[in-house]
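**Student:** have a look at this fold, sequence not included:
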């Protein structure tokens, strides 16, 4: 048995033609901060130190990625896993869109350096179509989820994926009576994630919006 949820990610784009989701003169601005260690990853000797320009470019690339994850999000396929049945937990994320670091709507501020860490605030001004996507994520019909993730020092992006996995587990615990085998749907960032280093690993706190489209229970296998 497969429980299906009505897909929304593409059809909703036309809703703004009938029901305006923003005033015509709305100029919403997304904002977020990225921090980059000028010594790259502490203790990871294969990474050479960054100069200010290199750290700024890296921070801007991260900011573009997070803005894209907030506006477009990812589709996901999540195998919940179960040790008793020797089923491995696995999450597959596929981006539904992206933003380039040189996008003219992306406006970086002036970088600030303190204690070998560069901080960069950036603004992004979404287009009308992008604002419609944001409105759907924020509509209140999706499941908000907050979670922590971690990864080895050499793979910072994996920490955010781990947080997304934990967020999906939290969303399922809050809305499903029985443990499913497989779940598909959509997930987006609600805000920029917060990273820090702990015991030689990347740690991250992330907030997400989750749209579950299909749930496959174990009975279907």
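**Tutor:** Nice, I can see it. These numbers were taken from a predicted model, which means no experiment stands behind them.

**Student:** could you find the closest non-adjacent residue to the residue most central in space within the chain?
**Tutor:** With distances taken as CA atoms, centre = their mean, the residue of the chain nearest its centroid is residue 189 (3.6 Å). Setting aside the residues directly before and after it, residue 189 is nearest to residue 69 in space (CB to CB, 6 or more residues apart in numbering), at 4.2 Å. Quick note: C-beta positions are derived from backbone N, CA and C, even for glycine.

**Student:** in the chain, where's the longest strand?
**Tutor:** In the chain, assigned by DSSP state E, the strand with the most residues is strand 201-217.

**Student:** show me what it is packed against.
**Tutor:** Other elements packing on strand 201-217 under the criterion 3 or more CB pairs under 8 Å, 6 or more residues apart in numbering; DSSP states H and E are strand 3-4, strand 143-152, helix 156-175, strand 180-189, strand 194-198.

**Student:** so which bits of it are buried?
**Tutor:** The neighbour-count criterion (16 or more other CB atoms under 10 Å) identifies 202-204, 206-213, 215-216 as the buried residues of strand 201-217.

**Student:** quick one: the residue nearest to the centre of the chain from residue 113, how far?
**Tutor:** Taken as CB to CB, to the nearest Å, the spacing of residue 189 relative to residue 113 amounts to 26 Å.

**Student:** among the helices and strands packed on strand 201-217, which is the most enclosed?
**Tutor:** Taking mean count of other CB atoms under 10 Å as the contact definition, the stretch among the helices and strands packed on strand 201-217 with the greatest mean neighbour count is strand 180-189, which reaches a mean of 22.

**Student:** check the burial of residue 155 by counting its neighbours.
**Tutor:** Residue 155 is surrounded by 11 other residues when neighbours are defined as other CB atoms under 10 Å.

**Student:** for it, what are its contacts?
**Tutor:** Applying CB atoms under 8 Å, 6 or more residues apart in numbering to residue 155 gives the contacts residue 202.

**Student:** how far away is it from residue 204?
**Tutor:** Relative to residue 204, residue 155 is positioned 12 Å away (CB to CB).

**Student:** cool, and residue 173?
**Tutor:** Using CB to CB, which is the criterion applied here, residue 173 is 20 Å from residue 204.

**Student:** what does residue 72 give?
**Tutor:** Separation of residue 72 from residue 204 (CB to CB): 20 Å.

**Student:** equivalent analysis for residue 114, please.
**Tutor:** As it turns out, when the distance is counted by CB to CB, residue 114 lies 21 Å from residue 204.

**Student:** surely residue 140 is within a strand?
**Tutor:** No - applying DSSP: H, G, I helix; E, B strand; the rest coil, one finds residue 140 to be coil, outside a strand.

**Student:** how many neighbours does it have?
**Tutor:** Other residues within reach of residue 140 by the criterion other CB under 10 Å amount to 6.

**Student:** give me phi/psi at it?
**Tutor:** According to degrees, to the nearest 10, the main-chain angles of residue 140 amount to phi 100, psi -10.
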